[in-house]
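S.K.: Below are the sequence and a predicted model; questions follow.
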Amino acid sequence: MIDIIILTEEFNTEMTLSSLVNNSENFRIHLFNRRGILAENMEPTINWAMKNFREVYSYQTPFAFRGTCSNRMARVLLQFKEHWKAKAPKGAPIERVIVHTKGPRIFNGKFEGNVPTVKAMGDNVLYFSRKYQYFDHPFYGNYYKILEMDAKKEDHEEDFLLLNWKLFKNKPNSYFFRGGKATREKNSLGEPLHDKDSFILSARDSEIFRHMKRMKHGYMPLYFDMRLDELIKKESIGPKDTMNHHTMMRKAFSVNIDQTYLFFDYYDMSTLCYMATPWDMWSNLIDDIPLNLRREGINERILQKADKQKRYLRKVVEAGYLLGKICLLYTSPSPRD
């Protein structure tokens, strides 16, 4: 059994759920929904999930803010931990937990064979996703230093985790708080919040990640969480390796990109970001999203990028192949190939 925690976001969550809706494997979905107007906007999506997946749990978070300082990972994890501390879900117990808190992530492969078993996890409490994917590359690994980026091999993404729940659930709650203690939080009017809300809102990403790094942990292989590396965003690698990155994203177990890239028109994007992103992986999911949940404007841009990329990359590859300078990598628009 795999438990998947998703912090819901408009449009992003529809894409993520669409990538899972035809997967018949054994998994549970946990949807964490922000308060206020965001929760109201997500209600049709939650109803769709309830009707189309075997086992779905829905939670309301005590926070609405969605920015980079929202401490979303710590708050979602603490709320999940508190909810299940004295009870168990129906069926199989919670063992392996995938946590996704940001972006239009696509689960592109089967869980079996990609997600390690509890036995394979051994004593590892969790697995991080590496932030810099070319750090060990024989040529590009030095580029982070050349570009004066404060990059370290152990740096990790803060929106995606794989947890060995049996080992993580017993870690003390003090790991989530500054100074090891929850504080009394206030609302926008300066009024003290409910004890449970204050407890969750006291959680800090910086604290839980600091303690996680002291736990026994591992790092996910690249195929487990592929995204656009900072070197691609800075247009610092060559076209051949950009297309290799494109192919790796197609073959990955899960992929994620910045939501803003979905909104861009193709001509507003840098060339390498446009080339590296396999747009049809997202465009092929649109048909599985109910009509009332589709975002016409965004979908049109995604379909346009996918169509233009298919024609553009084929011309680039064919030209490079004839010149003997690039291998023929891009052969099919199918995300499953």
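M.R.: It's in. Quick caveat, the model's predicted, so the values are computed rather than measured.
S.K.: List the contacts of the nearest residue to I29 once chain neighbours are set aside.
M.R.: Here the nearest residue to I29 in space, its sequence neighbours aside, is V56; by Cβ to Cβ, 6 or more residues apart in numbering that works out to 4.8 Å. Any C-beta I mention is one placed from the backbone N, CA and C, and that applies to glycine too. Going by Cβ atoms under 8 Å, 6 or more residues apart in numbering, V56 touches R28, I29, H30, L31, I46, A49, M50.
S.K.: Narrow these to those that are buried.
M.R.: Listed as buried from the contacts of V56 are R28, I29, H30, L31, I46, A49; burial here means 16 or more other Cβ atoms under 10 Å.
S.K.: Who is the first one paired with across the strands?
M.R.: Going back to what we said before, that points to R28. When bridges are assigned using DSSP bridges, the partners listed for R28 are D3.
S.K.: any idea how far T16 is from it?
M.R.: Using Cβ to Cβ, to the nearest Å, we find R28 at a distance of 14 Å from T16.
S.K.: what mean pLDDT would you report for stretch 108-118?
M.R.: Stretch 108-118 comes out with an average pLDDT of 93.
S.K.: residues of that stretch that come out buried?
M.R.: Using 16+ other Cβ under 10 Å, the residues of stretch 108-118 that count as buried are N108, G109, F111, V115, P116.
S.K.: for stretch 238-256, same thing?
M.R.: Of all the residues in stretch 238-256, those buried under the rule 16+ other Cβ under 10 Å are 239, 241-250, 252-256.
S.K.: Same check on stretch 288-304?
M.R.: Residues of stretch 288-304 classed as buried by neighbour count (16+ other Cβ under 10 Å): I289, L293, R295, I298, N299, R301, I302, L303.
S.K.: Same check on stretch 83-92?
M.R.: Applying a neighbour-count criterion of 16+ other Cβ under 10 Å, one finds W84 buried in stretch 83-92.
S.K.: and stretch 258-274, C-alpha only, in PDB?
M.R.: Coordinates of the C-alpha atoms in stretch 258-274 are reproduced here as PDB (Å, rounded to 0.1, in the frame of the first residue of the first chain):
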ATOM      1  CA  ASP A 258       7.000  25.100 -12.100                       C
ATOM      2  CA  GLN A 259       3.300  25.900 -12.500                       C
ATOM      3  CA  THR A 260       4.100  29.200 -14.200                       C
ATOM      4  CA  TYR A 261       5.600  27.300 -17.100                       C
ATOM      5  CA  LEU A 262       2.200  25.900 -17.900                       C
ATOM      6  CA  PHE A 263       0.800  29.400 -18.200                       C
ATOM      7  CA  PHE A 264       3.400  30.700 -20.500                       C
ATOM      8  CA  ASP A 265       3.000  30.900 -24.300                       C
ATOM      9  CA  TYR A 266       5.800  28.900 -26.000                       C
ATOM     10  CA  TYR A 267       7.400  32.100 -27.300                       C
ATOM     11  CA  ASP A 268       7.700  33.500 -23.800                       C
ATOM     12  CA  MET A 269       9.900  30.700 -22.600                       C
ATOM     13  CA  SER A 270      13.600  30.200 -22.800                       C
ATOM     14  CA  THR A 271      14.600  27.800 -25.500                       C
ATOM     15  CA  LEU A 272      16.100  25.200 -23.300                       C
ATOM     16  CA  CYS A 273      13.200  25.100 -20.800                       C
ATOM     17  CA  TYR A 274      10.900  24.800 -23.700                       C
END
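S.K.: What about the buried residues of stretch 238-256, which are in strands?
M.R.: When these are checked against strands (DSSP state E), the matches are S254, V255.
S.K.: What about the buried residues of stretch 238-256, which are in helices?
M.R.: P239, D241, T242, M243, N244, H245, H246, T247, M248, M249, R250 (DSSP state H).
S.K.: Mind picking the lowest-pLDDT entry from these?
M.R.: Model confidence across these bottoms out at P239, which has 84.
S.K.: thought it was touching M275?
M.R.: Yes - in this structure, P239 is within contact of M275 by Cβ atoms under 8 Å, at 7.0 Å.
S.K.: Which of the helices or strands spans D159?
M.R.: Secondary structure assignment for D159, by DSSP states H and E: strand 156-164.
S.K.: Following the chain onward from the host helix or strand of I200, which element is next?
M.R.: The secondary structure element spanning I200 is helix 195-201 (assigned by DSSP H and E). Tracing the chain C-terminally past helix 195-201 and defining elements by DSSP H and E, one meets helix 205-212 next.
S.K.: Let me see the mean pLDDT of that following helix.
M.R.: 96.
S.K.: For it, what is the distance to the chain centroid?
M.R.: Centroid displacement of helix 205-212 relative to its chain, using Cα atoms, centre = their mean, to the nearest Å, is 18 Å.
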